[in-house]
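Novice: Structure of the sequence below:
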Amino acid sequence: MRGRRRIRTAVVSAAAALLCAGVASGCTTGSPGAAPPAESRPPTPTPSPTPSPTPASLWDVSPASVAAVGDSVTRAFDACAVLADCPEVSWATGTDTAVNSLALRLLGPGKVATRSWNLARTGARMAELPEQMAGAAAERPELVTVMMGANDACRPTPELMTPVADFRFSFETALARLRVGAPKAQVYVSSVPDLKHLWSTGRHSPEGLKVWKLGICGSMLADAEDLGPAAERRRTAVRERVVAYNKVLEEVCAEDERCRYDGGAVFGFRFDGGQLSPWDWFHPSRDGQARLAELAYRRITKE
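Specialist: Take a look at the predicted model:
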């Protein structure tokens, strides 16, 4: 608000100067005819334009505390043990130095335990984010990381995927809930990963195909070896829904001056076999978690 007030003051001052200059060149005191000929008068100086001040960025590239919300990826599910969360290797708040989580990079090893909080839940969908955000706000963090949306697309069938309008409503509600309790907290929003790319990578693994038959992300991974037109249309529909979710994340985040979207970095990242869990070939492995940490750190610390 102070920046806009200075701009309005500068504009009013410049306009007043121009108005006064115009009056001075057309009106004089004294008797009629006393003014010198126009060609002999000194030219009226033109006021120099006042530059508009550049508002200072509200974004702090070195926040002193981190709260993470989201789903199984942020809980590091299947990253170091089968069918189990492994938060110590989480990209967001983990303590494993091999992963070098976002919290480790920002806070250092001495403060991760007391200045970071992992509030994500394996299996969570966007409808749960408002509740998680309320929990994050209670900690008064300087930064909140959000990675949510994969489970909204990963349903038994495409027909059960979360409608885009519902997804938007939940995300808007979540940010509003955060702002009630932590109005100045910064928010980093990760894009939803490209699920079709994960299918394309994992389908070459015999182990992955066996696990996928247990029902993991059926909308994308069911009948993983079927390359027929119907299966391809199904996978394309899921991918298009993920793209739509990411568009929502970008648009809603852009409306909040303390929010940064990752620009599609996670969606565009090409996970290879070594960066996927050896137990399900779908969730990030330790190495995959490290890549997510690097993408987040790069975006958050960008001046």
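Novice: Let me see the contact set for P278.
Specialist: 207, 285 (CB atoms under 8 Å, 6 or more residues apart in numbering). The C-beta positions use only the backbone N, C-alpha and C, and glycine is treated the same way.
Novice: which SSE is the nearest residue to K302 once chain neighbours are set aside in?
Specialist: Nearest non-adjacent residue to K302, counting by CB to CB, 6 or more residues apart in numbering: V61, 7.2 Å away. Assigned by DSSP states H and E, V61 belongs to neither a helix nor a strand.
Novice: List the residues that contact V61.
Specialist: Per CB under 8 Å, 6+ apart, neighbours of V61: 300-303.
Novice: among these, who's most crowded?
Specialist: The member of these surrounded by the most neighbours (other CB atoms under 10 Å) is I300, with 22 neighbours in all.
Novice: Quick check: end-to-end length of stretch 260-275?
Specialist: With CA to CA, to the nearest Å as the measure, the ends of stretch 260-275 fall 25 Å from one another.
Novice: ugh, wrong one, I meant stretch 272-283
Specialist: End-to-end for stretch 272-283, by CA to CA: 11 Å.
Novice: what does stretch 114-128 give?
Specialist: With CA to CA as the measure, stretch 114-128 spans 25 Å from end to end.
Novice: residues in contact with A68?
Specialist: 74, 90, 92-93, 103, 116-120, 144-145, 147.
Novice: Present those residues as TSV; the columns should include pLDDT and distance to P229.
Specialist: Shown next, in TSV, are the contacts of A68 (pLDDT from 0 to 100; distance: CB to CB, whole Å):
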residue	pLDDT	distance to P229
T74	99	36
S90	99	39
A92	99	39
T93	99	43
A103	99	46
S116	99	47
W117	99	47
N118	99	42
L119	99	42
A120	99	37
V144	99	42
T145	99	39
M147	99	33
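Novice: Compare those and tell me which has the most neighbours.
Specialist: A92 (33 neighbours).
Novice: so it makes contact with L104?
Specialist: No: A92 is not in contact with L104 according to CB atoms under 8 Å; the separation is 10.1 Å.
Novice: thinking again about what came up before, list the ones among the contacts of A68 that fall in strands.
Specialist: 116-118, 144-145, 147 (DSSP state E).
Novice: Need the residues you listed in a markdown table (columns: distance to L227).
Specialist: Compiled in a markdown table, the ones in strands among the contacts of A68 are given as follows (distance: CB to CB, whole Å):
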| residue | distance to L227 |
| --- | --- |
| S116 | 43 |
| W117 | 44 |
| N118 | 38 |
| V144 | 41 |
| T145 | 36 |
| M147 | 30 |
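Novice: Closest one to G70 out of those, please.
Specialist: M147 (4.0 Å; CB to CB).
Novice: Start from the N-terminal end of the stretch 151-300 of the chain and give the helices.
Specialist: Assigned by DSSP state H, counting those that start in this stretch, the helices in the stretch 151-300 of the chain fall at 164-181, 195-202, 206-212, 218-221, 229-254, 265-268, 286-300.
Novice: so what secondary structure elements neighbour the first one?
Specialist: Contacts defined by 3 or more CB pairs under 8 Å, 6 or more residues apart in numbering; DSSP states H and E place helix 164-181 against helix 129-138, helix 229-254.
Novice: could I have the shortest one exported to CSV, CA atoms only?
Specialist: Meaning helix 129-138. C-alpha atoms of helix 129-138 as CSV (Å, rounded to 0.1, in the frame of the first residue of the first chain):
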residue,chain,number,x,y,z
LEU,A,129,-5.5,-29.9,2.1
PRO,A,130,-7.6,-27.2,4.0
GLU,A,131,-7.3,-29.3,7.2
GLN,A,132,-3.5,-29.8,6.6
MET,A,133,-3.1,-26.1,6.0
ALA,A,134,-4.8,-25.3,9.3
GLY,A,135,-2.4,-27.5,11.0
ALA,A,136,0.5,-25.9,9.3
ALA,A,137,-0.7,-22.4,10.2
ALA,A,138,-0.8,-23.4,13.8
